[in-house]
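# Pasted the sequence and its predicted model underneath.
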Amino acid sequence: MILSILVLLSLAAPPKDPIGAALERYEAVGSYRVTLHSRHGATEEVIRYYYKKPGFIRMEFIKPHGGALLVYDPTARTVRLRPFGFVPSFVLTLGPNNSLVKSAQGHRVDESDIGALLRRVKRLQEHGTTALGGEDTVAGRSAVIVSVEGYKGVSLEGIHRYLLWLDKITLLPLKTATFDSSGNPVEEVLMDDMGVNVPLEDSLFKL
């Protein structure tokens with residue numbers, strides 16, 4: 001029944017505020033898994049990412065740090081990091097703000113999920129403009145393209161414009177691209193093989 005309703009919604013016109021609608025949809029997500037392919041400059045990263053509310057995170061690094069593993073426990077607010085797959089006994093316990101576990105863009109582990117991304121876009125949207133850019137297909141899924149750009153001189157954490165490909169059914173991002181105030185690309189992220197509300201055992205988030 002729920003799936004049928006989502007399909008009917010996907011056939012309707014895009015919502016007037018696609019970012020707000022995407023955030024509302026995200027509130028109904030209890031868990032998800034996805035393979036992240038990100039590019040920033042000449043650097044490429046591939047990470048298998050798992051999320052379970054209220055904020056448990058697991059990252060399996062494929063490229064460039066193959067074999068590295070990270071888990072985040074929101075109840076203890078601690079990150080457990082196994083930096084070398086060939087030394088499974090070597091595990092570090094860190095805070096989520098530690099520079100060793102921040103992304104290339106400076107994002108904390110506990111602010112790495114889709115909800116945190118959409119909230120950042122929403123903050124820029126409040127000081128900029130939003131435009132629909134038509135439709136596209138990403139990894140075999142139909143997507144609506146949304147552009148959020150800050151007013152002149154307005155950037156958020158160095159980002160002046162977000163370009164998002166939102167899944168027409170779930171409204172969750174399948175791909176994102178960010179740009180600085182000069183229009184230069186900052187980062188592009190493809191979210192591949194996404195599974196939403198999938199069963200994830202608690203043991204998956206222990207290390």
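The structure has been received and is ready for your questions.
# Against R161, how distant is the residue nearest in space to the middle of the chain?
Taking C-alpha atoms, centre = their mean, the centroid of the chain lies closest to I114, which sits 3.8 Å from it. For I114, the distance to R161 (C-beta to C-beta, to the nearest Å) stands at 19 Å. All C-beta spots, glycine's among them, are computed from the backbone N, C-alpha and C.
# try Y50
Counting by C-beta to C-beta, the gap from Y50 to R161 is 29 Å.
# can you pull out the helices in the chain?
Assigned by DSSP state H, the helices in the chain fall at 2-11, 18-27, 114-125.
# Would you mind extracting the C-alpha trace of the last one into CSV?
Right, the one you point to is helix 114-125. Only the C-alpha atoms of helix 114-125 are listed here, as CSV (Å, rounded to 0.1, in the frame of the first residue of the first chain):
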residue,chain,number,x,y,z
ILE,A,114,21.8,12.0,3.9
GLY,A,115,19.8,14.0,6.5
ALA,A,116,22.9,16.1,7.4
LEU,A,117,23.5,16.7,3.6
LEU,A,118,19.8,17.8,3.1
ARG,A,119,19.9,20.1,6.1
ARG,A,120,23.1,21.8,4.8
VAL,A,121,21.3,22.3,1.4
LYS,A,122,18.2,23.7,3.3
ARG,A,123,20.4,26.2,5.1
LEU,A,124,21.8,27.5,1.8
GLN,A,125,18.3,27.5,0.3
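# for it, packing partners?
Counting by 3 or more C-beta pairs under 8 Å, 6 or more residues apart in numbering; DSSP states H and E, the packing neighbours recorded for helix 114-125 are helix 18-27, strand 141-150, strand 161-167, strand 173-179.
# Flag whichever of the helices of the chain has the least confidence on average.
In terms of average pLDDT, helix 2-11 trails the rest of those, at a mean of 49.
# Report the contact partners of the nearest residue to D136 once chain neighbours are set aside.
Among residues not flanking D136 along the chain, A143 sits closest, at 5.2 Å (C-beta to C-beta, 6 or more residues apart in numbering). Going by C-beta atoms under 8 Å, 6 or more residues apart in numbering, A143 touches E135, D136, T137, W165, L166, D167, K168, L174, K175.
# want to try TSV for the residues you listed, with pLDDT and neighbour count as columns?
TSV is the format used below for the contacts of A143 (pLDDT from 0 to 100; neighbours: other C-beta atoms under 10 Å):
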residue	pLDDT	neighbour count
E135	94	12
D136	95	13
T137	95	10
W165	98	24
L166	97	27
D167	96	22
K168	93	19
L174	97	25
K175	97	21
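# which among those residues gets closest to G30?
D167 (17.1 Å; C-beta to C-beta).
# The closest one reaches V196, doesn't it?
No: the criterion here is C-beta atoms under 8 Å, and D167 misses it with V196 at 9.2 Å.
# Check which residues of stretch 142-162 are buried.
143-150, 155-156, 159-162 (16 or more other C-beta atoms under 10 Å).
# Low-confidence ranges, this structure, go.
Confidence mapping of the chain against pLDDT under 70 gives the ranges 1-14.
# Against the centre of it, work out the most remote residue.
The chain, farthest from centre, C-alpha atoms, centre = their mean: S89 at 29.4 Å.
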